[in-house]
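*Asks:* this is a predicted model, with the sequence first.
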Amino acid sequence: MNSLKNDITINNASLVTVDKHTNQSYEDAVLLLTSQGKFHISLGLERISKVLDLLGNPQDALKIIHVAGTNGKGSTCAMLASVLTEAGYKTGLYSSPHLVEYTERIKINKTEISKNDFAGLIFSIVETADKAGIHITEFEILTAAAFLYFKENGVEYVLLETGLGGRLDATNVVKKPVLTIITSIDFDHVDRLGSTIEQIAFEKAGIIKTNVPVVTLKNNKGMDVIKTVSKSKSSELVIADSTGYCFEDNIINTGTEKYELSLSGLWQLLNLSLALESVKCLNKAGVYISGQSLKAGLKNVSWPARFQYIKKRNLIIDGAHNESGAYLLRKSLDLYFPEEKRIWIYSSLNTKDYAAVINNLFRHGDTVICTKSISNNAVLPSELSKKIMEIYPDIHVCNTDCVKQAYDISLSSSSNSTITIIAGSLYTIGELLAYFPTLNEV
């Protein structure tokens, strides 16, 4: 796409970016997105539907694979985006949250949107909404920007990750996706999605569309709800089953085939099974993906901060912010690093059930450095350490409000027989990566 500093003609009206006339920068766009007026959650489709209508409904021109779930959305989207790219399709990926820069959320063939194009889109969309008296939120702005960017760039297929839930998520303006996928469901965002698995599953299943296949996991929580919704929509329910899958170094053996997967962690067995069944569905729908492209895509996929191992620093980075994520992180550590002593840099948001996370994450004798991100929802380190010591009285705990200092403390405590794990909040990981931009270079 040409730079968005040029005029964009939409619905026979010239939509001129603010960037063209006032030199608004990427930093200005970020300030706008994080302002009090934009940076909040307000579920519903009315506002974004109105704005997208003013923008010419770019989402209707895209072939979309829509993905919802509690855990595994990003990894599954990244796998499929990588596979489609290897197969020669121009592929868009819209994901959240970002680690360091907002541009991470919008990619084409693994390349992030430029900061100039991002700024131009953000100001154009906000200007359009403001003129129409529509009070659009941060996530709605980003979603509209992704749709418009992908359309203007001639993207063939889009991997679209929901932000929160599904039924009332801004991404659910998509009328007729090529395929829908529901990853692992568990408790998270109970204040907005419901306090039972059935309620949460109902919200996730809201992305299922009439006569569009839906892929989900065998024995997924809330399966009865998914079955009921898919039946009511006359949507084929495709079950992904990872039973029998096993790791052999970086190779996953499915029992009938072997795949080299660059992503680590036990949960990737589940995500791989979703990706493999999704590829079958896409091939059935006429989207040709060869076995060679499938294997190359899985081998070359990248998805940082999900059991990401930085070998030269003997460091694991993983978001693990809910109970099921913590459980699987602990199991993966027990598998990959059973003997090493563990030093943790741990943080949490108060919107998470951090007591349940703590109960699943640590083991007796670990060292935990409790810290906090700059988020207004960050839990105080003293609160985290108090909860940790209630459950593990023999654990070594210290507190610091500074993420960088937490990392420095871990360095002073590490040795050849220890491994350091940063977990609990992607916000904290992103903050650390901003301090050390080469931290994730292997």
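*Replies:* Everything's here; your move. Just so it is clear, the model here is predicted, and its values are computed rather than measured.
*Asks:* tell me who's in contact with the residue most central in space within the chain.
*Replies:* The residue lying closest to the centre of the chain (Cα atoms, centre = their mean) is G74, at 3.8 Å. Neighbouring residues of G74 by Cβ atoms under 8 Å, 6 or more residues apart in numbering: 95, 161, 303, 306. Where you see a C-beta, it was placed from the backbone N, CA and C, and this is true even at glycine.
*Asks:* save those residues as JSON lines, and put in pLDDT too.
*Replies:* JSON lines is the format used below for the contacts of G74 (pLDDT from 0 to 100):
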{"residue": "S95", "pLDDT": "97"}
{"residue": "E161", "pLDDT": "98"}
{"residue": "W303", "pLDDT": "93"}
{"residue": "R306", "pLDDT": "89"}
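*Asks:* nearest to A87, of those residues?
*Replies:* Set against A87, the nearest of those by Cβ to Cβ is W303 (18.6 Å).
*Asks:* surely that closest one forms part of a strand?
*Replies:* No: counting by DSSP: H, G, I helix; E, B strand; the rest coil, W303 is located in no strand; its state is coil.
*Asks:* can you pull the phi/psi pair for the residue nearest to it when sequence neighbours are not counted?
*Replies:* Spatial nearest neighbour of W303, excluding adjacent residues (Cβ to Cβ, 6 or more residues apart in numbering): A78 at 4.1 Å. Taking degrees, to the nearest 10, you get phi -60, psi -40 for the backbone angles of A78.
*Asks:* how about the CA coordinates for stretch 98-110, as CSV?
*Replies:* C-alpha atoms of stretch 98-110 as CSV (Å, rounded to 0.1, in the frame of the first residue of the first chain):
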residue,chain,number,x,y,z
HIS,A,98,1.6,-6.2,21.9
LEU,A,99,4.8,-6.5,23.9
VAL,A,100,6.7,-3.3,23.0
GLU,A,101,5.1,-1.6,20.0
TYR,A,102,1.5,-1.3,18.8
THR,A,103,2.8,-2.1,15.3
GLU,A,104,3.3,-5.8,16.4
ARG,A,105,-0.5,-6.2,16.3
ILE,A,106,-0.9,-5.7,12.5
LYS,A,107,1.4,-7.8,10.2
ILE,A,108,1.4,-8.9,6.6
ASN,A,109,3.6,-11.9,5.8
LYS,A,110,5.2,-11.5,9.2
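*Asks:* run through who's touching that stretch.
*Replies:* 26, 29-30, 33, 81-82, 85, 90-97, 112-115, 118, 142, 145-146, 149-150, 153, 155, 302, 304-305, 426, 429-430, 433-434, 437.
*Asks:* one more: stretch 216-232?
*Replies:* Residues outside stretch 216-232 that contact it (Cβ under 8 Å, 6+ apart): 181-186, 197-198, 200-202, 204-206, 208, 214, 236-243, 270, 273-274.
*Asks:* in that stretch, which residues are buried?
*Replies:* Residues of stretch 216-232 classed as buried by neighbour count (16 or more other Cβ atoms under 10 Å): 216-217, 220-223, 225-226, 229-230.
*Asks:* the contacts of stretch 216-232 in strands, which ones?
*Replies:* Using DSSP state E to define strands, the subset of these located there is 181-182, 214, 237-240.
*Asks:* ok, back up a step: now the contacts of stretch 216-232: which count as buried?
*Replies:* Counted by 16+ other Cβ under 10 Å, the contacts of stretch 216-232 give 181-186, 197, 200-202, 204-206, 208, 214, 237-238, 240, 242, 270, 273-274 as buried.
*Asks:* from T400, how far out is L384?
*Replies:* Using Cβ to Cβ, to the nearest Å, L384 is found at 11 Å from T400.
*Asks:* need the overlap of contacts for these two.
*Replies:* Both L384 and T400 are in contact with C370, where contact means Cβ under 8 Å, 6+ apart.
*Asks:* which one of those two has more residues nearby?
*Replies:* Ranked by neighbour count (other Cβ atoms under 10 Å), L384 and T400 place L384 first, with 25 against 17.
*Asks:* just give me the neighbour total for the nearest residue to that one once chain neighbours are set aside.
*Replies:* Spatial nearest neighbour of L384, chain neighbours left out: C370 (4.2 Å); criterion: Cβ to Cβ, 6+ apart. Each residue near C370 was counted by other Cβ under 10 Å, and the total is 26.
*Asks:* next one: L168
*Replies:* Around L168 there are 17 other residues, counting by other Cβ under 10 Å.
*Asks:* kindly tell me how buried the nearest residue to T210 once chain neighbours are set aside is, as a neighbour count.
*Replies:* Among residues not flanking T210 along the chain, K233 sits closest, at 4.7 Å (Cβ to Cβ, 6+ apart). Residues lying near K233 (other Cβ under 10 Å) number 17.
*Asks:* residues contacting K233?
*Replies:* The neighbours of K233, taking Cβ under 8 Å, 6+ apart as the test, are 208-212.
*Asks:* mind picking the two most distant members of those residues?
*Replies:* Within the contacts of K233, two members stand farthest from each other by Cβ to Cβ: I208 and N211, at 10.3 Å.
*Asks:* quick check: neighbours shared by the two?
*Replies:* Common neighbours of I208 and N211, using Cβ under 8 Å, 6+ apart, are 233, 235.
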